[in-house]
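Enquirer: Kindly generate the corresponding structure for this input.
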Amino acid sequence: MKYITKFTLLFAILFFLNCSKEKEQSLLLSGKVIGTETKSILLVKPNQDMRFDSLIEIPVENGKFYFESKLDNPEAVNLFLGEAKENGGGRFMPLFLENKKIDLTIHSEEEFDKNVTNGGNLNAEYTKFKQNFENKFNNRIKPLQDSISALFKSDEYHSDKAKLLYAELRQTKNQDEKVVIYKKLDDLEKSGENLSPKAKELDNKIKPIYEEQKLFKQNYIENNPNLVSYSFFLDNLIFNKENLDVNSTKKTYKILSDAHQNHPYNELASNLINAIENIKIGKKYTDFSAPDLNGNEIKLSEIINGKVALLDLWATWCGPCIAKSRTMVPLYNEYKDKGFTIIGVAGEFKNTDRLVKFLEKEKWQWTNLIELDRQNNIWQKYGVDGGGGGIFLIDENGIILAKDPTAEEVRMELESRLN
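Expert: Residues are numbered from 1 along each chain as shown. Got it, this is the predicted structure:
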C-alpha cells in the first residue's frame, strides 16, 4: 500500500511537470485593453487580406483577452483592434509570436504608441531595434513630417493640376471615369507634377533621410538574420517591390532562408521575388492552371499560345478592376477573330455566387477562370497580392508587352500586330 502511494505521488509529480513543460512550449498570449470598448483583437499575418482571409481574432471580455496556441514556427503579425475589420484597416502594432508567455497592454487607436509588450525574445529584439531606429532618425525626420502634415491641412500639399483631378474624383460616381482620373494622377506623380513648390522642397529634404533609413534597416537584416529581420524583408517585398534591386534582394533572401530553413516564409518570399524578377515587360509570362465555372481545369498556355492575349486578373469586389475590364469589351469584339483573346481570372473568396450573377449581367464572352481563396497563388505569382488585380498584355510569343495598359494602348498594339 505504501509502495502504491509513493508511485501515485511520483506519477502525479511527473504529470504536473510534463504539463508545465507543455505550457512553456506553447504561446500564451494575454493582456488588457485600456480606453477602448473594442470587442476583439485581430492578428494579421504577412500577406493576409483583412477583408477576406481567415484571421486570428481574440475576444475581449471585461477589458481582458487570452489566447493559447502551439506554434510550429515563430511568426510575425500586425495587431489591430477588432473594428479594423469593418473599417477596412486602422492603426496596428507589430507583434512577434513564439512559444512563450507574452503579456500585452493595448490602448485605443489614438494612443497606440503607448502599447506595451512584455515577453518573448523576438519582441525584445524588435523593441531594441525600434529604439535605435528612432534615436537615429526621429529628430531629423519628425519636423519634416509635421511640416508635410501642415501642408495637407492647409490644402497646400498638392499642385493645382492635382487639386483639379482630386476635385473631379470626388464629384464623379462613375467607376469608368474614375479609372481615367486615377491614370492622370499616376502620370502626374511619375512626372513630379503632383506636388506644390512647398511640398517639393520638403520632399527633396525628406527623401535622403528615407534612403538612410532603408540602408540602416538593410544593414540590420544582413547582420541579424532573425525573424524580426525576415518580417522587415517581407514588408519590402509586399509594399515596396517596385523599388527593389532583384540581385540584392536575392542575396538577402539567401541569408534569411538559410537562417530559417523549412519556415513557411521561405516559400512566400520566393514567390514574391519570382514575381518581381519575371513579371516585367520583355519577360515571358508565368504559366498557371485554374478552373472555369464548370470546374474544368484550364492551363493558360494552352489557350493563349500563338495569340496576342490580355490576362485580366480582377474581382467582383474591385470597382476599378471592373471599370477597366469593361473598356476592353469593344477591343475583344473587334479583334477576337484576328488573333486576339482575353482571359479573365476572378479572385473570389468563399464561393462563386457573386461571380455567376455578375457574368450573367455583364455577359463577357471571353474565357473566365476562377482563383478561389488564393488556391493557386496566381495574384502572388503576378506580384499583385493585396490588390484587386492587374492587367497584362502578352504577345504571340508569350512575352509581356505591357502591365496595366489602357484600352487605347492595347488598341495601338493590336493595330500594329494584327491589322
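Enquirer: mind giving me the domain split of this protein?
Expert: Under the assignment automatic domain parsing, the domains of the chain span 2-119, 233-278, 289-418.
Enquirer: Now tabulate those in JSON lines and tack on mean neighbour count and distance to residue 220.
Expert: All C-beta spots, glycine's among them, are computed from the backbone N, C-alpha and C. Formatted as JSON lines, the domains of the chain follow (neighbours: other CB atoms under 10 Å; distance: least, CB to CB, whole Å):
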{"stretch": "domain 2-119", "mean neighbour count": "15", "distance to residue 220": "14"}
{"stretch": "domain 233-278", "mean neighbour count": "16", "distance to residue 220": "11"}
{"stretch": "domain 289-418", "mean neighbour count": "17", "distance to residue 220": "24"}
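Enquirer: would a markdown table of those domains with mean pLDDT and distance to residue 156 be doable?
Expert: Below are the domains of the chain laid out as a markdown table (pLDDT from 0 to 100; distance: least, CB to CB, whole Å):
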| stretch | mean pLDDT | distance to residue 156 |
| --- | --- | --- |
| domain 2-119 | 86 | 26 |
| domain 233-278 | 94 | 27 |
| domain 289-418 | 94 | 28 |
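Enquirer: Just put those domains in JSON lines and tack on distance to residue 192.
Expert: Listed next are those as JSON lines, based on distance: least, CB to CB, whole Å:
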{"stretch": "domain 2-119", "distance to residue 192": "28"}
{"stretch": "domain 233-278", "distance to residue 192": "16"}
{"stretch": "domain 289-418", "distance to residue 192": "20"}
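Enquirer: Of all those domains, which one is nearest residue 221?
Expert: Evaluated over these, closeness to residue 221 peaks at domain 233-278, with 6.0 Å, by CB to CB.
Enquirer: Now do that closest one: distance to the chain's middle.
Expert: Relative to its chain's centre, domain 233-278 lies at 14 Å (CA atoms, centre = their mean, to the nearest Å).
Enquirer: Endpoints of that domain, how far apart?
Expert: One end of domain 233-278 to the other measures 19 Å (CA to CA, to the nearest Å).
Enquirer: Report the mean confidence score over stretch 209-221.
Expert: Average pLDDT, stretch 209-221: 96.
Enquirer: Other residues contacting it?
Expert: With contact meaning CB atoms under 8 Å, 6 or more residues apart in numbering, stretch 209-221 is reached by 129, 133, 136-137, 140-141, 144, 229, 232-233, 252, 255-256.
Enquirer: Which parts of the stretch 301-419 of the chain are helices?
Expert: Using DSSP state H, counting those that start in this stretch, the helices found in the stretch 301-419 of the chain span residues 319-326, 329-335, 353-362, 378-381, 407-418.
Enquirer: roughly how far is the last one from the heart of the chain?
Expert: What it means is helix 407-418. Centroid separation between helix 407-418 and its chain, computed with CA atoms, centre = their mean, is 32 Å.
Enquirer: what's next to that helix, contact-wise?
Expert: For helix 407-418, contacts defined as CB under 8 Å, 6+ apart pick out 308, 310, 327-328, 330-331, 335, 338-340, 393, 395-396, 401-402, 405.
Enquirer: same question, the third one
Expert: The contact list for helix 353-362, computed with CB under 8 Å, 6+ apart, reads 293, 316, 317, 326, 346, 348, 368, 370.
Enquirer: Quick one: distance of that helix to the chain centre.
Expert: Counting by CA atoms, centre = their mean, helix 353-362 is centred 27 Å from the centre of its parent chain.
Enquirer: Just want the angle from it to helix 319-326.
Expert: Helix 353-362 runs at 40 degrees relative to helix 319-326, counting by axes from the mean of the first three to the mean of the last three CA atoms, to 10 degrees.
Enquirer: do the last one as well
Expert: Angle of helix 407-418 versus helix 319-326, following the same axes, to 10 degrees, is 30 degrees.
Enquirer: Leaving out chain neighbours, which residue sits closest to residue 83?
Expert: By the measure of CB to CB, 6 or more residues apart in numbering, the closest residue to residue 83 outside its immediate chain neighbours is residue 38, 6.2 Å from it.
Enquirer: quick one on the thing from earlier: out of the domains of the chain, which is closest to residue 200?
Expert: domain 233-278 (19.5 Å).
Enquirer: The strand or helix carrying residue 129 packs against which elements?
Expert: Per DSSP states H and E: residue 129 is located in helix 121-153. Secondary-structure packing of helix 121-153 (3 or more CB pairs under 8 Å, 6 or more residues apart in numbering; DSSP states H and E): strand 93-97, helix 197-223, helix 227-239.
Enquirer: What pairs with the shortest one, parallel or antiparallel?
Expert: I take that to be strand 93-97. strand 75-81 (antiparallel) (DSSP bridges).
Enquirer: chain center to the strand it pairs with: distance?
Expert: On the basis of CA atoms, centre = their mean, strand 75-81 sits 13 Å off its chain's mean C-alpha point.
Enquirer: Show the subsequent helix or strand relative to it.
Expert: Sequence order places helix 84-87 as the next helix or strand after strand 75-81, per DSSP H and E.
Enquirer: who does that next one touch, helix- and strand-wise?
Expert: Here helix 84-87 touches no other helix or strand, going by 3+ CB pairs under 8 Å, 6+ apart.
Enquirer: Send me that helix as PDB with only the CA atoms.
Expert: Listed in PDB are the C-alpha atoms of helix 84-87, where the atom choice follows Å, rounded to 0.1, in the frame of the first residue of the first chain:
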ATOM      1  CA  ALA A  84     -10.400  47.500 -38.100                       C
ATOM      2  CA  LYS A  85     -12.100  44.600 -40.000                       C
ATOM      3  CA  GLU A  86     -15.300  46.500 -40.600                       C
ATOM      4  CA  ASN A  87     -13.400  49.800 -41.200                       C
END
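Enquirer: quick one: contacts of that helix?
Expert: Helix 84-87 has contacts (CB under 8 Å, 6+ apart) with 42, 50, 51, 55, 57, 90, 92.
Enquirer: Please identify which pair of the contacts of helix 407-418 lies farthest apart.
Expert: Spanning the widest gap among these are 327 and 396, at 22.5 Å by CB to CB.
Enquirer: Grab the most central residue of the protein for me.
Expert: residue 386 (3.9 Å; CA atoms, centre = their mean).
Enquirer: ok, so what distance separates the closest residue to residue 402 other than its chain neighbours from residue 417?
Expert: Using CB to CB, 6+ apart and skipping the chain neighbours, the partner closest in space to residue 402 is residue 393 (4.3 Å). In this view, residue 393 and residue 417 are 10 Å apart by CB to CB, to the nearest Å.
Enquirer: Noted, bye for now.
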